[in-house]
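1. Below are the sequence and a predicted model; questions follow.
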Amino acid sequence: MLYKLKGIQGTWGDLDPMPFKDMSDLGSLEKNLENLLAAHLLDVLFEGAILMPIFQERALQAEADIYALNRDGELFIFELKRGTAGGDAMLQALRYAQSAGRWTYAELERRYAMYKAGSSAISLADAHRDAFNLDIPLLPSQFNRRQNLYIVGNAADEELMAAVDYWKRSGLSAEFLPYRIYEIAGDHYFEFFALPYDWHQNPATIKGVLFDTNHSYDEDSIWEMMEEKRVAAYGDVKEVVRRLNVRDIVFFSHRYVGLVAAGEVIGPVRQEGNDELYHDVRFLTPVPSRASGIQRYMPFSQVTQVTGKSFYWARTDKVPYLSREEANALVLSLKGILEPS
């Protein structure tokens, strides 16, 4: 809930709850909410979540809106409701979960291939291994051994919340994720509550980000970043650069290798051509050169040891982000590897 702080004689003396809306109040279709959340659910809204999206609802099909896997191969099913949906919406979601619970690995892979059509020939097991930096891929029998149902709905939908609570008490792995929309001074604001504590980095706080060198986009992009002293993203994912702020610490993550350099963001977002956005950086460690190639690096397994965190490696900006203190500690460890002895 959003409250306006009302001042009385120089102090905050009262809380004024702000009225909220849902998508139906704005005349938006349920598909608009689905597309909004499908695009941002597992990066911006679930900032610290480590989930790998594998499928999204198709038109005129009896399917949930978004399907994702966690590190252990468990299936997460997201069903999104635009307005006040009521308890019957839970029964519909249960039918989707019951159907998905029978999916074999072959069916999961078939759906993943449709979801990634034209962009990847890698198997689901190998993509999952790469996303979570597993030593070996999961066996087919280890996928979809458990299903978890998430219902995203209007924060005022008491009947739907009661239905979710009933099934939770009955032993089902189900959660209700509420959202609200506020209109303030003519602008609209979207409020979403991600489990378990709605944790997010404060955008104003300095953070550390493991950032991909875009090896799959262009093998030479790493050398542009090193030589031009920048952190960049390209093509369809170029907008992720906007998640970085001045003074953030960026760790350059090179696919199949590890961390190869670290730098501090020192400038605003800039554009080069139609396919690149970047920030200027000041390097905090030695950097590899095009002539010599990558000779020193910190393996991904060591990154996990130093930070004590497991990352979702399939993103351009790896989650979870690091605090300033964690980033500084990782810089020191990385310098110990990259600096000549």
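-> Received it, and whenever you're ready, just let me know what you need.

2. D275: how many residues sit nearby?
-> D275: 14 surrounding residues under other C-beta atoms under 10 Å. C-beta coordinates here come from the backbone N, C-alpha and C atoms, glycine included.

3. wait, what's in contact with it?
-> When contacts are counted by C-beta atoms under 8 Å, 6 or more residues apart in numbering, D275 touches Y234, G235, K238.

4. With R255 instead?
-> So R255 contacts D212, T213, H215, S216 (C-beta under 8 Å, 6+ apart).

5. Check those residues and tell me the two furthest apart.
-> Within those, two members stand farthest from each other by C-beta to C-beta: T213 and S216, at 9.6 Å.

6. hang on, V241 packs against V269?
-> Yes. Between V241 and V269 there is a contact under C-beta atoms under 8 Å: 5.8 Å.

7. The two: which is more packed in?
-> A direct count of neighbours by other C-beta under 10 Å for V241 and V269 places V241 higher, at 24 against 16.

8. sec struct for the more buried one, please.
-> helix (DSSP: H, G, I helix; E, B strand; the rest coil).

9. For the closest residue to it other than its chain neighbours, pull up the helix or strand it's in.
-> Nearest residue to V241 in three dimensions, chain neighbours excluded: L277, at 4.3 Å (C-beta to C-beta, 6 or more residues apart in numbering). Using DSSP states H and E, L277 sits within strand 276-283.

10. starting at the chain centroid, how far to that strand?
-> Its chain's C-alpha centre and that of strand 276-283 lie 22 Å apart, by C-alpha atoms, centre = their mean, to the nearest Å.

11. Quick check: buried residues in that strand?
-> Neighbour-count burial for strand 276-283 flags E276, L277, Y278, H279, D280, V281 (criterion: 16 or more other C-beta atoms under 10 Å).

12. And stretch 239-257, by the same measure?
-> Buried residues in stretch 239-257, counted by 16+ other C-beta under 10 Å: 240-241, 243-245, 248-254, 257.

13. from the residues you listed, which ones fall inside strands?
-> The strands, defined by DSSP state E, take in I249, V250, F251, F252, S253, H254 from the buried residues of stretch 239-257.

14. Kindly provide the distance from the first one to L172.
-> Taken as C-beta to C-beta, to the nearest Å, the spacing of I249 relative to L172 amounts to 42 Å.

15. Now do the contacts for A62.
-> Contacts of A62 (C-beta under 8 Å, 6+ apart): R95, Y96, S99.

16. wait, which of the residues you listed is closest to A68?
-> Nearest to A68, judged by C-beta to C-beta, of the contacts of A62 is Y96 at 13.7 Å.

17. any idea where the helices of this structure begin and end?
-> For the chain, the helices defined by DSSP state H cover 30-40, 88-100, 105-115, 124-132, 158-169, 221-228, 300-307, 324-338.
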